[in-house]
Every structure is written in C-alpha cells, then in structure tokens.
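> Here is my input; please provide its structure:
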Amino acid sequence: MSKTYFNYSFQIKRTKTTAIIFVAVILVAITIFVTWYNNRTKTEKIDDLSYKVVFGMNEFDAKDCDKAYRMNYKKSTCGTICINKISINKKYLVELEEEMKENGFEFSKVTTEKLGNKNWRVLQTKNNEPIFSFYVINNGKSTYTMEYVDQTTSLDNTNKNKCNDIFNKLSNSMKIK
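Residues are numbered from 1 along each chain as shown. Here you go, the predicted structure:
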C-alpha cells in the first residue's frame, strides 16, 4: 500500500512541475508576441491627429506630404497615402475639385465617412485608374488632409481584400483630439 501511495504522490508532483513549466513557457511566448506586435504597430502624431502605422505601411519621403506611406502586401503595391496638416481651409475640397477638373479628372459627389472617432468629408475620382480619394477634416485650428491613391484595380480579389484591410486598420485608428 505504501508503494502505491508513493507512486501516486510522485506522479502528482511531476504533473505539478510540468504544469508550472508549461504556464511559464506560455507567459514568455505571450510577452514576446506582445512586444513584437507593439514594435510593428507604432502610433504617429501630427499635432492633434494620431494614427497607427500598421503592418504593410512603409514610410517614404515626399516633399508635398507631412507623412507619406506606401501600402504593400506580398510584393504588391496597394497604394500610397499622403497625410498633411495645413492652416484652416473650409473650402479645401471645393478648391481641389476645381483644380483637378481643369486637369481632366471627374469626381463623384462629396460624401462623409467616419474615420476613427470623427466624420471626414471625402472626395473621390471616378472613371480613372488609379482611384484618388481625398479625406478632409477641420478641427478648429487646422485642416487635416489624407490623400489615398488606390492601386488595387489590377490585383486579384485576395490581395485586394488584404490591401483594403490595411487601409481600414489605418482609417479606424485615426483620432483627433
């Protein structure tokens, strides 16, 4: 009888040790993943506008943009994004539309989209490839603009959906104080 008790107690002790090691390994793996993920998604700020630079966005220099990004998925270019802060201009979209109509662009009607926590006015080209989308919001002190050049028309549906996910993650992270 004592031999049976000894065997069971030894098995319980071994099981406890294995469980503790397993939990420790899982905690270390979660910590490494969270650290890696936080390094891949950093938050950028342009005065009152903040947004996350998500996986698939690569910053590049453009003299007309405060921040410019190329969006990529598996060696396919999804498009480019140009984010600017300018002095307050409530007629920005009207002036932009007039200027671009002179250059032969056609536009759909100005709409409103919710990006992050605010409603942005949106002007989009039609009958053109690539599609240009201009997002504008005024916050009292400044006007923030985001130009998105959508180059997904030649991609297959899977890549197009992944590219749209990248843009949606960016647009959902847009916050203005």
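> At which residues are the strands of the protein located?
For the chain, applying DSSP state E gives strands covering 42-46, 49-53, 57-60, 67-73, 76-87, 106-107, 111-115, 118-126, 131-138, 142-150, 175-176.
> Nearest to T35 among those strands would be which one?
Closest to T35 of these is strand 42-46 (Cβ to Cβ; 12.7 Å). The C-beta positions use only the backbone N, C-alpha and C, and glycine is treated the same way.
> where are the low-confidence patches of this structure?
Residue ranges of the chain with pLDDT under 70: 1-12, 39-41.
> Look up which residues are beta-bridged to the residue lying closest to M146 once chain neighbours are set aside.
With sequence-adjacent residues excluded and distances taken as Cβ to Cβ, 6 or more residues apart in numbering, M146 is closest to Y135, at 4.2 Å. Beta-bridge partners recorded for Y135 (DSSP bridges): V122, M146.
> And K114, by the same measure?
In beta-bridge terms (that is, DSSP bridges), K114 pairs with N119.
> Could you report the distance from it to T125?
From K114 over to T125 the distance is 21 Å, taken as Cβ to Cβ, to the nearest Å.
> cool, and N159?
22 Å.
> Equivalent analysis for K67, please.
Counting by Cβ to Cβ, the gap from K67 to T125 is 22 Å.
> Repeat that for N89.
Counting by Cβ to Cβ, the gap from N89 to T125 is 20 Å.
> more crowded one of the two?
A side-by-side neighbour count of N89 and T125, using other Cβ atoms under 10 Å, places T125 first with 19 against 15.
> Could you report the neighbour count for M174?
21.
> I meant C78, not that one.
Counted with other Cβ under 10 Å, C78 comes out at 25.
> and it, what is it in contact with?
Each residue near C78 by Cβ atoms under 8 Å, 6 or more residues apart in numbering is listed here: G56, M71, N72, D150, Q151, T152, L155, N159, K162, C163, I166, F167.
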